[in-house]
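Chemist: Task: produce atomic coordinates for the following.
(one chain, ligands or ions: 1)
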Amino acid sequence: MDTKSTWKGIIREYIDFFPITEKTPIVTLLEGNTPLVCVNNLTKKLNLNLNLYLKFDGANPSGSFKDRGMTLAISKALEEGAKAVICASTGNTSASASAYAARAGIKAIVLIPEGKIATGKLVQAMVHGAFVIQVKGNFDQALNIVRELVKEYPITLVNSINPYRIEGQKSAAFEVCDQLGRVPDYHALPVGNAGNITAYWRGYKEYKEKGKIQNLPKMLGFQAAGAAPIVLGHPVEKPETVATAIRIGNPASWRTAVQARDESGGTIDIVTDEEILEAQKMIASYEGIFCEPASAASVAGVIKLYKQGYFKENSTVVCTLTGNGLKDPDIVFKIAEKPVALPAELNSVRDFVEKIL
Ligand code: F0G
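Modeler: Model (predicted):
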């Protein structure tokens, strides 16, 4: 055991669902068991007649849902004797891979699009001792490079093309059912490389097969307007969005995301950068949860669909907040109201306080 904590990390908690043997060295930071928060303030302010819940996966050890897949991918890599892992990333995969590789005592090499990842995520890879390569290109190009490289060298790829990543990430669907005590009617997610929507759908289906739940949710995916290949039906060569985590033009799990959408009877839609930032601000200021812009795409999308009359009244909707807002403070700093500056005098501060009371 790693600690005396009651939660043992997603592999040990859901061991029957994973390809683990006695020989697998389990590399864990006790990821998972993240909060599922009912958000009444937001629904009241916006007049949404929904039971809305946020699954805050930004509370994972490296600050994003990637840890769920990484614990399994790194454990299996270690079991198979890997000395190094590699990934392309918009920031969170690289942060998570770096953290779990450090824990496993193996090397991590991460390729990131230069100037296009949030500062916090870059710093995470650096502090965990990864070899960080900034490429003068986008995520899709970086992913093509690492795919080729692993054909030539004994390095394990830990992007979600690695099947263990999606296997681990499906644990979030199990948790939602366990925490909610039922299956949500809808589950909303941001979609980038499309691994997570694939993972949730697999998770829900497996829970049903094992008899843990009786029905399945409709899956709702949201892409940023400037990076919406699945919605447009063709790759986007130069994706652009303020939500850098989902700035992806040719998702690796495209086919399985479409399958999740169609089998579940859900939809994959677009949200604009303005809608994303507005949702991020509302989640933070009405509910006290600070998620990164990409994560807010799930809530922005639900608000958009609600206004179009998409939902049955009183439906139960879960939105995954995939990453922690602390990773990407720059965008908030740019647009949020700046703090006031006052002299260090009681009277000035009193005047200010009186005005706002
Ligand atoms: N939200 C956040 C915060 C992400 O970091 C990502 C993907 C997504 C949503 C989309 O998930 O790719 O499974 O559809 N980030 C990857 C990365 C691409 O490199 O960190 P997806």
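
Chemist: and the gap between the residue nearest to H128 when sequence neighbours are not counted and K121?
Modeler: Leaving out its chain neighbours, the residue that sits closest to H128 by CB to CB, 6 or more residues apart in numbering is S98, at 3.7 Å. All C-beta atoms are positioned from the backbone trio N, CA, C, and that covers glycine. Distance from S98 to K121, counting by CB to CB, to the nearest Å: 10 Å.

Chemist: A228 now?
Modeler: From A228 over to K121 the distance is 22 Å, taken as CB to CB.

Chemist: how many neighbours does K44 have?
Modeler: Applying other CB atoms under 10 Å, we find 10 residues neighbouring K44.

Chemist: about what we covered before: report how many residues lie close to the residue nearest to H128.
Modeler: Residues within reach of S98, counting by other CB under 10 Å, total 29.

Chemist: before we move on, which element is V349 in?
Modeler: helix 346-356 (DSSP states H and E).

Chemist: Restrict that helix to CA atoms and write it as CSV.
Modeler: Extracted as CSV, the C-alpha positions of helix 346-356 are listed here (Å, rounded to 0.1, in the frame of the first residue of the first chain):
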residue,chain,number,x,y,z
LEU,A,346,-7.5,52.0,7.7
ASN,A,347,-9.6,54.9,6.4
SER,A,348,-9.1,54.2,2.7
VAL,A,349,-9.8,50.5,3.2
ARG,A,350,-12.9,51.4,5.3
ASP,A,351,-14.2,53.7,2.6
PHE,A,352,-13.9,51.0,0.1
VAL,A,353,-15.6,48.3,2.2
GLU,A,354,-18.5,50.7,3.0
LYS,A,355,-19.1,51.2,-0.6
ILE,A,356,-19.5,47.5,-1.4
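
Chemist: helices and strands around that helix, which ones?
Modeler: The contact analysis (3 or more CB pairs under 8 Å, 6 or more residues apart in numbering; DSSP states H and E) places helix 346-356 against no helix or strand.

Chemist: Counting neighbours, go ahead and name the busier of A228 and K121.
Modeler: More crowded of A228 and K121, by other CB under 10 Å: K121, with 30 against 22.

Chemist: Give me the residues contacting the helix or strand containing that one.
Modeler: For K121, the host element (DSSP H and E) is helix 119-127. Helix 119-127 is contacted by residues 62-63, 89, 91-92, 94-95, 98-99, 108, 110, 112, 132, 326-330 when judged by CB atoms under 8 Å, 6 or more residues apart in numbering.

Chemist: could you say what helices and strands the helix or strand of the chain with the lowest mean pLDDT packs with?
Modeler: Of all helical and strand segments in the chain, the minimum by mean pLDDT, DSSP states H and E falls on helix 329-335, at a mean of 94. Here helix 329-335 touches helix 119-127, helix 273-287, going by 3+ CB pairs under 8 Å, 6+ apart.

Chemist: any idea which helix or strand comes after the shortest one?
Modeler: Same thing as helix 119-127. strand 131-135.

Chemist: circling back to that earlier point, let me know the secondary structure of the residue nearest to H128.
Modeler: Under DSSP: H, G, I helix; E, B strand; the rest coil, the three-state class of S98 is helix.

Chemist: again with T241
Modeler: Applying three-state DSSP: T241 is coil.

Chemist: Kindly report the same for W7.
Modeler: coil.

Chemist: excluding its backbone neighbours, what's nearest it?
Modeler: N33 (4.5 Å).

Chemist: and the spatially closest residue to F131 that is not a sequence neighbour, what helix or strand is that in?
Modeler: Take F131 and drop its neighbours on the chain: the residue closest to it by CB to CB, 6+ apart is I109, 4.6 Å away. Assigned by DSSP H and E, I109 belongs to strand 107-113.

Chemist: State the distance from the most centrally placed residue in the chain to T93.
Modeler: Nearest residue to the geometric centre of the chain (CA atoms, centre = their mean): T322, 2.7 Å. Note on T322: its distance to T93, by CB to CB, is 11 Å.

Chemist: again, but for A73
Modeler: 10 Å.

Chemist: The stretch 151-300 of the chain against the ligand: which residues are in contact?
Modeler: Residues of the stretch 151-300 of the chain that fall close to the ligand, judged by CB under 6 Å from any ligand atom: 160, 190-196, 245-246, 292, 294-295.

Chemist: Test my guess that G325 contacts A294.
Modeler: No - G325 lies out of contact with A294 (CB atoms under 8 Å); the separation is 10.4 Å.

Chemist: ok, these two, which is more surrounded?
Modeler: Under the criterion of other CB under 10 Å, the comparison of G325 against A294 puts A294 first, with 31 against 23.

Chemist: Need phi/psi at that one.
Modeler: Taking degrees, to the nearest 10, you get phi -60, psi -40 for the backbone angles of A294.

Chemist: need the contact list for it.
Modeler: With CB under 8 Å, 6+ apart, A294 has these contacts: P190, G192, A224, A243, T244, A245, I246, I276, T322, G323.

Chemist: Bridged to the first one, which residues?
Modeler: Translated: P190. Here P190 shows beta-bridge partners F222, assigned using DSSP bridges.

Chemist: coming back round to it: anything in the least confident helix or strand of the chain near the ligand?
Modeler: No - Helix 329-335 lies apart from the ligand when judged by CB under 6 Å from any ligand atom; the minimum separation is 13.0 Å.

Chemist: go on, stretch 122-137?
Modeler: No - judged by CB under 6 Å from any ligand atom, stretch 122-137 and the ligand are separated, with a smallest distance of 10.8 Å.
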